[in-house]
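> quick one, structure for this:
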Amino acid sequence: MGLVSHARTPGTFRGMDQAMFRSELAQQLRVDSVRASTAAGSGHPTSSMSAADLLAVLLDGHLRLDFDRPDNPANDHLIFSKGHASPLQYAAFKAVGAIEDDELLTFRKFGSRLEGHPTPVLPWVDVATGSLGQGLPIGVGLALAGKRLDRLPYRVWVLCGDSEMAEGSVWEALEHAGHEQLDNLTALIDVNRLGQTGPTMHGWDLSSYSARAQAAGWRTIEIDGHDLDEIESALTQAEDGDGRPVAILAATQKGKGVAEVADKPGFHGKPLAHAEESIAELGGLRDLRVTPAKPDADAKPHVFDTGSGGLPAYEQGTELATRKAYGQALAALGDRRGDVVALDGEVSNSTFAELFRDAHPDRYFEMYIAEQQLIAAAVGMQVRGWCAFASTFAAFLSRAYDFIRMAAVSRADLRLMGSHAGVAIGEDGPSQMALEDLAAFRAVHGSTVLYPCDANQTVQLVTAMADLPGISYLRTSRGVMPVIYPPGEQFPIGGSKVVRDGNDVTLVGAGVTLHEAVKAADVLAHEGIEARVIDLYSVKPVDSGTLRRAATETAGLVTAEDHWPEGGLGEAVLSALTDHPAQVRTLAVHEMPGSGQPAELLGQARIDATAIAEKARELAS
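Predicted structure coming up:
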C-alpha cells in the first residue's frame, strides 16, 4: 500500500468505515513502531506491535484527552506500564498530531524528547515508566485522586504487559484498587505470551490472570486482542462503571503482522532485521490522523477549604518525639493548605499521621502494608498537583526504593517521612532500625534529606518540605527528645545550626546524636576543651560553608550518626571537605545491633556522648 492520508474525528469518516479506519490505524502504529526502532538501531518493536490494535480502538472513540491542552484537569490519563513499548506510545502521539514524523524518527537519539522509555519530558506523559510493575500502582494513585480529591470523571487507562504481572507491586495495586472500588481505572493487559528470554509463567492462559484479579475485586473481560470488535465491546463495558476496576485481558501476538517475528522468541528488544520488507508486509506507510474526544472544558477539580491556623509550638526544655511533632505539624499544615494530602502504610499510630487523618479524613489515604503502592499512590496524586506526604517506618521504605528512584526520573515532587530509625529505637531490634536510609535517600537524584533533633525544628522542616521540588525525606526518631530551639526558629534547607561555640574541636551530629554531641561538649568543657557543636539537620544539601569554617578554626571534626558508616552523615561531611585540609573522625554503627535500651545500644555502637568525647580528646590533643 502506498501513502494514505486520512484525518478522522469521532463520528467523521472520509472514505472509510469505522472498522477499516481502525484496522488501518493499528497497522500504521505497527509500521511507525518498526520505523522508529529501526532509525534508532534499538528498541522494542515486537512488544509494541502486539498492543497496536488495543491502542487504535482506545484512541478512536474512548480516550478523552485534549492533546492541545495536556494540563486540562478533566483529561483522561494514559500510562504505558510496559514502558519498553515506547515506540507504540510515540507512534500514537504522531497519530493524534502531538508530534510529527521527523520527531518520531529521533527516537532514542541524543537530545530527543523520545527517550528509550517514556518520561514527562513529553507533556502527555504523566510519569516515567520502564521499571516494570510501576504503571498500574501509579494508575491507582491517579484514580484515587480522580475519585476522592479532584472529584472529576476522568478515566485512567494503563497498558500493562503480561511479564510484569509477576511483580508483587502489580498485585498490591490490584488489591488496593478493588478495595477502593476504583471503577475509573482500566488495565489493558497485553498478554502476548513471550517475555524477554522466553514464555511467561502463564502464557495465554487468560483465566489464570482473571481469577486472581476477580479475587481482588476486579471485573475482568477476556478478549482476542486483535479482534477490533471485541476490543470495542470491552472498552465500552469498561466505561460502564459498576463500582469495580476493570481488567481487559487481551490475548495477542508479539510482533503481530510480520511472519518473521510473530509469536517467536529471540526478538525482544531488537529492531527488525528486514525493516523494509516488514513494513511492506504490514501494508506500507500511512499518514492517518485521529483526534481523540475532548473532555468537558468547564470541569474543574474539587477545592478543599483552607484556613489560617498557626503551626504547633513547643516550649524549650519540654520533651517530645520528632515523629509526633511530624504528625502535629502535618495536621496543622493541612489546616492551612487544602492541597496537602497524607498517606500512610498502616502505622499511622506510630508515625502520628493519624493526627492528619482525624483532622482531614477526606485527604487521608490508608495504604496498608503495601509500601510500593504507598509511594506509587503518592506519585499518582502529585501528577494532579496534590502536595503528597507519605509516611511509614524508615526501614520499610527500602521495600519501595525502586519507586522512589523512578519518582525522581518522573520529576515527581514527593515528601516522605521515615520514623523509628537507628539503634536508638531500642528493643525492636535490627529489622526495624533503618541504618541505611540516609545513604539511600542521599543517592536519589535531586533529593533533600533532613534529620531534625527537636519538635520545633521538625515543624519548620515539615512546613518547608511542602514547597520543595523533587524527593524530600524527613528522618524522625522514636523516643522523646528535649526541645532545644525556640518556637519560630528558622531552619533553611541546606543550612545547619551552631548550637555550642568553641574553637578547640568540632562535634557534628543530627537527630539523636546531636543531643549526644551536646552532652559530650558539656563533659569536655569541664576538662577545659571548648567544643563547637554543629546540628547538621540538612544532610543533603549539606552546609559546606559552616563545616569548612569549623575545619579551619578548630583542630578537626568528630561526626556521629545513628546509621551505618557508608553513605550517611559522616560521608556527607567528608564530601563537603574533599578539597579542604581537615582532620575528621567519623563515628557510626559498625556492628550488627540487637535489642536493648536505647542508651545501651548507643553505647555499644560507640556513638554516644562518651565515645564522642573520647574522639574529641584525640583531636584536641
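
> and stretch 344-363, what's buried?
344-348, 350-357, 359-360, 363 (16 or more other Cβ atoms under 10 Å). Every C-beta, even on glycine, is put in place using the N, C-alpha and C of the backbone.

> wait, residue 583 sits on residue 619?
Yes - counting by Cβ atoms under 8 Å, residue 583 does reach residue 619; the two are 5.8 Å apart.

> quick check: neighbours shared by these two?
Residues touching both residue 583 and residue 619 by Cβ atoms under 8 Å, 6 or more residues apart in numbering: 555-557.

> pull the most distant pair out of the buried residues of stretch 344-363.
Spatial extent of the buried residues of stretch 344-363 (Cβ to Cβ) is set by the pair 350 and 363 at 20.2 Å.

> looking at the shared contacts of residue 583 and residue 619, spot the one nearest residue 328.
residue 557 (33.6 Å).

> what about residue 75, how many residues nearby?
23 (other Cβ atoms under 10 Å).

> hang on, it packs against residue 68?
No - applying Cβ under 8 Å as the test, residue 75 and residue 68 come out as separate, 10.7 Å apart.

> for stretch 585-596, measure first residue to last.
26 Å (Cα to Cα, to the nearest Å).

> likewise for stretch 602-621?
25 Å.

> quick one: mean pLDDT over it.
Regarding stretch 602-621, the rounded mean pLDDT is 97.

> show me which residues of it are buried.
For stretch 602-621, by 16+ other Cβ under 10 Å, it's 602-609, 611-613, 615-617, 619-620.

> repeat that for stretch 540-560.
540, 542-544, 546-547, 550-551, 554-560.

> so which of those sit within helices?
544, 546-547, 550-551 (DSSP state H).

> now, which of the residues you listed sits nearest residue 265?
Of those, the one sitting nearest to residue 265 (Cβ to Cβ) turns out to be residue 544, at 53.3 Å.

> so residue 257 is in which element?
In this structure, residue 257 sits in neither a helix nor a strand according to DSSP states H and E.

> tell me which residues touch it, please.
27, 30, 49, 281-282.

> same check, this time on residue 173
Going by Cβ under 8 Å, 6+ apart, residue 173 touches 136-137, 139-140, 373, 376.

> of the residues you listed, closest to residue 300?
Nearest to residue 300 among the contacts of residue 173 is residue 139, at 22.3 Å by Cβ to Cβ.

> run through the bridge partners of the residue nearest to residue 442 when sequence neighbours are not counted.
By the measure of Cβ to Cβ, 6 or more residues apart in numbering, the closest residue to residue 442 outside its immediate chain neighbours is residue 540, 4.9 Å from it. Applying DSSP bridges to residue 540 yields these beta-bridge partners: residue 449.

> before we move on, which element is the residue lying closest to residue 227 once chain neighbours are set aside in?
What sits nearest to residue 227 in space, not counting adjacent residues and going by Cβ to Cβ, 6+ apart, is residue 53, at 7.9 Å. Assigned by DSSP H and E, residue 53 belongs to helix 52-59.

> likewise for residue 498?
With DSSP H and E as criterion, residue 498 is part of strand 497-500.

> helices or strands up against that strand?
helix 512-526, strand 531-535 (3 or more Cβ pairs under 8 Å, 6 or more residues apart in numbering; DSSP states H and E).

> how about the helices of the stretch 401-550 of the chain, start to end?
Secondary structure of the stretch 401-550 of the chain (DSSP state H, counting those that start in this stretch): helices at 401-409, 437-442, 455-465, 512-526, 544-553.

> related to what we said a few turns ago, next step: the buried residues of stretch 344-363 restricted to strands.
Mapping the buried residues of stretch 344-363 onto strands (DSSP state E) picks out residue 344.

> the most centrally placed residue in the chain and residue 175, how far apart?
With the centre of the chain defined as its mean C-alpha position, the nearest residue by Cα atoms, centre = their mean is residue 407, 3.3 Å away. To residue 175, residue 407 is 21 Å away according to Cβ to Cβ, to the nearest Å.

> closest one of the buried residues of stretch 540-560 to residue 156?
residue 540 (33.4 Å).
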